[in-house]
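Peer 1: Predicted model follows, preceded by the sequence.
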Amino acid sequence: MVFGFQKRRRKRLAATPLSAEQLAVLRRNVPYYELLPVEARYKLQGLIQIFLAEKRFEGCGGLEITDEIRITIAALACILVLGHDTDFYPKLRSIIVYPHAYVDNTPDPQPDGTVYEEPEDRLGESWEEGYVVLSWDDVLRGAADISDGENIVWHEFAHQLDSESGTTEGDPVLPERSMYETWARVFRREFEALIESVERGRPSFFDPYGVTSPADFFAVVTECFFERPRVLRVRHPELYELMKLYFRQDPAGFEG
């Protein structure tokens with residue numbers, strides 16, 4: 001009964017276009033929107049309406065959550081799931097937004113059992129418990145340049161997609177069972193190649209941050225898939241094909 005109600009509600013929301021003011025924000029803050037085919041733009045507007053109705057936003061560090069903030073982040077998050085027909089971000093409970101990069105005191109366990117709090121500047125985080133934390137300045141910065149391969153919203157929401165499998169290890173729920181073996185083989189090979197490049201000081205197509213973990217490698221590849229798809233397709237064709245099958249999108253086909 002609840003599922004049926006949710007389905008009807010989502011269908012109604014998906015059929016509701018954004019207002020002129022909301023559409024102006026979308027076009028101003030998310031230039032990637034203009035690259036999408038017309039049908040995808042209409043679908044994205046519907047997904048944004050669902051996202052805004054179901055997800056909570058919280059301001060931190062003195063930031064007041066505005067419609068601009070909500071629409072911009074919702075649009076970027078929903079671009080990742082444009083090709084998905086199933087539920088999206090089911091674990092996500094809240095998006096916490098800071099005005100700028102924020103300081104996180106990360107516990108640093110020592111061999112003797114003591115734990116130090118190490119201050120670290122953060123642009124964003126994704127928690128398996130259902131929270132995404134973002135710096136608003138960096139949300140805007142990442143969205144403005146659609147070809148630099150860096151987008152903090154796509155990075156953190158890739159982690160949310162990854163976690164739907166039950167773990168966050170760069171192995172999201174794939175659309176076909178037959179994909180898992182190839183996915184594991186290709187991603188392991190590419191991840192190890194990036195590690196080797198970083199260790200040897202060689203330049204790489206991928207952000208070196210991707211060596212942090214398989215989860216961060218998947219998030220970094222997601223950023224490149226949407227922002228540098230043609231180069232990714234040429235340099236890492238197997239990886240591009242897997243991402244295309246997973247996201248059910250082909251951004252290299254409509255990149256401007």
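Peer 2: Ah, there it is. Residues are numbered from 1 along each chain as shown.

Peer 1: backbone phi and psi for residue 127, please?
Peer 2: Geometry field for residue 127 lists phi and psi as phi -110, psi 140, criterion degrees, to the nearest 10.

Peer 1: Distance check, it against residue 248.
Peer 2: For residue 127, the distance to residue 248 (CB to CB, to the nearest Å) stands at 26 Å. (Glycine included, C-beta is placed from N, CA and C.)

Peer 1: How about residues contacting the helix or strand harbouring residue 12?
Peer 2: For residue 12, the enclosing helix or strand under DSSP states H and E is helix 2-14. Residues from elsewhere that reach helix 2-14, judged by CB atoms under 8 Å, 6 or more residues apart in numbering: 43, 46-47, 49-50, 53.

Peer 1: ok so, going back, quick one, which of residue 127 and residue 248 is more surrounded?
Peer 2: residue 127 (18 against 12; other CB atoms under 10 Å).

Peer 1: Now do the same contact list for the spatially most central residue of the chain.
Peer 2: In the chain, the residue lying closest to the centroid (CA atoms, centre = their mean) is residue 154, at 2.4 Å. By CB under 8 Å, 6+ apart, the contact set of residue 154 is 76, 79-80, 142, 219, 222-223, 226-227.

Peer 1: before we move on, what about residue 172?
Peer 2: Contacts of residue 172 (CB under 8 Å, 6+ apart): 161-162, 164-165, 218, 246.

Peer 1: How about residue 192?
Peer 2: Residue 192 makes contact with no residue, according to CB under 8 Å, 6+ apart.

Peer 1: I figured residue 252 was touching residue 228, is that so?
Peer 2: No. Counting by CB atoms under 8 Å, residue 252 stays clear of residue 228, with 9.3 Å between them.

Peer 1: okay, those two: which has more neighbours?
Peer 2: Looking at residue 252 and residue 228 with other CB under 10 Å, you find the greater number of neighbours at residue 228, namely 21 against 16.

Peer 1: Could you check how far the more buried one is from residue 222?
Peer 2: Counting by CB to CB - residue 228 and residue 222 are separated by 11 Å.

Peer 1: remind me which residues of the protein are low pLDDT?
Peer 2: 1-3, 86, 105-120, 255-256 (pLDDT under 70).
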